[in-house]
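Visitor: No sequence on hand, only this structure:
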């Protein structure tokens, strides 16, 4: 039963029976993510006071400069999930390869794997703009009792058992789904607990916001250019409002509440798109669909794409259902 103002811990326990694999393990896993999020939140909120902003001096597997907080958040989530002995494998956007985790008895009895973007939008930290964490949870497909393999991580998004994100902003929120709707929890910093503040979150069928980096307009395919012009045209309920933060979590969160569409299409700069299928697109697509929204690469449902590598990139269009479908029609007509 959903009762506003209950804590995240109470909510997880109270709704455990609605999860088809109910055994307590997933609840412990979600509680571990909650704990790591609170630790990272503490560091994010004091970033300007300590030497944790700026570049770390390293480049990740994506060829991107790592920020100090990227490294910190990555270490904290991996450490927390490993120490709780509840996952058999972790893949992070900041790591070259997946991490296989032995259970305490070294028989690899744990059933879940986690894929994570520890600090989405971290380049915004230095200018005090909202950032976030994105996570995705699957049941392993290789036999329990053996080390995890790449096969466990290269599952379609429609096999996710849970996904969520944390947005570190004016207030810190954890939003997640286990396939039974989407609920949001706001952190009360005074006592360190997340409370249910946004039950049964849903995208409006349509919205008036479009979120895209229009500085890349010249590099976009013609279908996206045509859709952007459509958004800007003064007709019916348009022009739409352009809002782009540059942090997927923040843009997605605003659009889910207010109604809108987020676009990161392929371009002449990024022929396969820029966002990572496993760490960003799949979890956000799962949340979107559970919140009455839609997510695609412009032609194919994101959750139906078969991954072929850990750090695969895909075009990403996500948000209010009617807006996504209109954008898809522009892409089809431009072929």
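Guide: Received, thanks. As the structure is a computational prediction, the values presented were derived from the model and not from experiment.
Visitor: any idea how far the residue most central in space within the chain lies from residue 221?
Guide: Closest residue to the average C-alpha location of the chain: residue 134 at 3.5 Å, with Cα atoms, centre = their mean. The gap separating residue 134 from residue 221 is 26 Å, by Cβ to Cβ, to the nearest Å. All C-beta spots, glycine's among them, are computed from the backbone N, C-alpha and C.
Visitor: Please apply the same query to residue 145.
Guide: 47 Å.
Visitor: Pick out whichever of those two has more residues nearby.
Guide: residue 221 (18 against 10; other Cβ atoms under 10 Å).
Visitor: Quick check: the more buried one touching residue 270?
Guide: No. Assessed by Cβ atoms under 8 Å, residue 221 is found out of contact with residue 270, at 11.5 Å.
Visitor: joint contacts of these two?
Guide: Common neighbours of residue 221 and residue 270, counting by Cβ atoms under 8 Å, 6 or more residues apart in numbering, are absent.
Visitor: what's the domain layout of this protein?
Guide: 8-198, 209-333 (automatic domain parsing).
Visitor: What is the longest helix of this protein by residue count?
Guide: If you go by DSSP state H, the chain has its longest helix at helix 25-45.
Visitor: buried sites along that helix?
Guide: 26-27, 29-38, 40-41, 43-44 (16 or more other Cβ atoms under 10 Å).
Visitor: any idea which of those residues is closest to residue 212?
Guide: Distance to residue 212 across the buried residues of helix 25-45 (Cβ to Cβ) is lowest for residue 44, with 25.7 Å.
Visitor: and the gap between the closest one and residue 128?
Guide: 10 Å.
Visitor: Equivalent analysis for residue 16, please.
Guide: In this view, residue 16 and residue 128 are 38 Å apart by Cβ to Cβ.
Visitor: higher neighbour count, the two?
Guide: Using other Cβ under 10 Å, the more surrounded residue of residue 16 and residue 128 is residue 16, with 15 against 11.
Visitor: Would you agree that one is in contact with residue 25?
Guide: No. Counting by Cβ under 8 Å, residue 16 does not reach residue 25; the two are 10.2 Å apart.
Visitor: which residue sits closest to residue 158, ignoring its sequence neighbours?
Guide: Sequence neighbours aside, residue 303 is the residue nearest to residue 158 in space, at 4.3 Å (criterion: Cβ to Cβ, 6 or more residues apart in numbering).
Visitor: ok, now residue 8?
Guide: The spatially closest residue to residue 8, leaving aside those adjacent along the chain, is residue 194, at 3.9 Å (Cβ to Cβ, 6+ apart).
Visitor: Count the residues that sit near the one you found.
Guide: 22.
Visitor: Three-state assignment for it, please.
Guide: Here residue 194 is recorded as strand under DSSP: H, G, I helix; E, B strand; the rest coil.
Visitor: what residues are up against the residue nearest to the centre of the chain?
Guide: 116-117, 120, 163-165, 248-249, 279-280, 283-284.
Visitor: Report the separation between the residue nearest to residue 8 and residue 135.
Guide: 15 Å.
Visitor: same deal with residue 163?
Guide: 7 Å.
Visitor: which residues do those two both contact?
Guide: Counting by Cβ under 8 Å, 6+ apart, the common neighbours of residue 163 and residue 135 are residue 283.
Visitor: low pLDDT regions in the protein?
Guide: 1-3, 17-23, 46-67, 103-108, 125 (pLDDT under 70).
Visitor: Now do the helices in this structure.
Guide: 8-14, 25-45, 68-83, 150-153, 222-232, 248-258, 282-290, 321-333.
Visitor: Give me whichever of those helices is most buried.
Guide: helix 282-290 (a mean of 26; mean count of other Cβ atoms under 10 Å).
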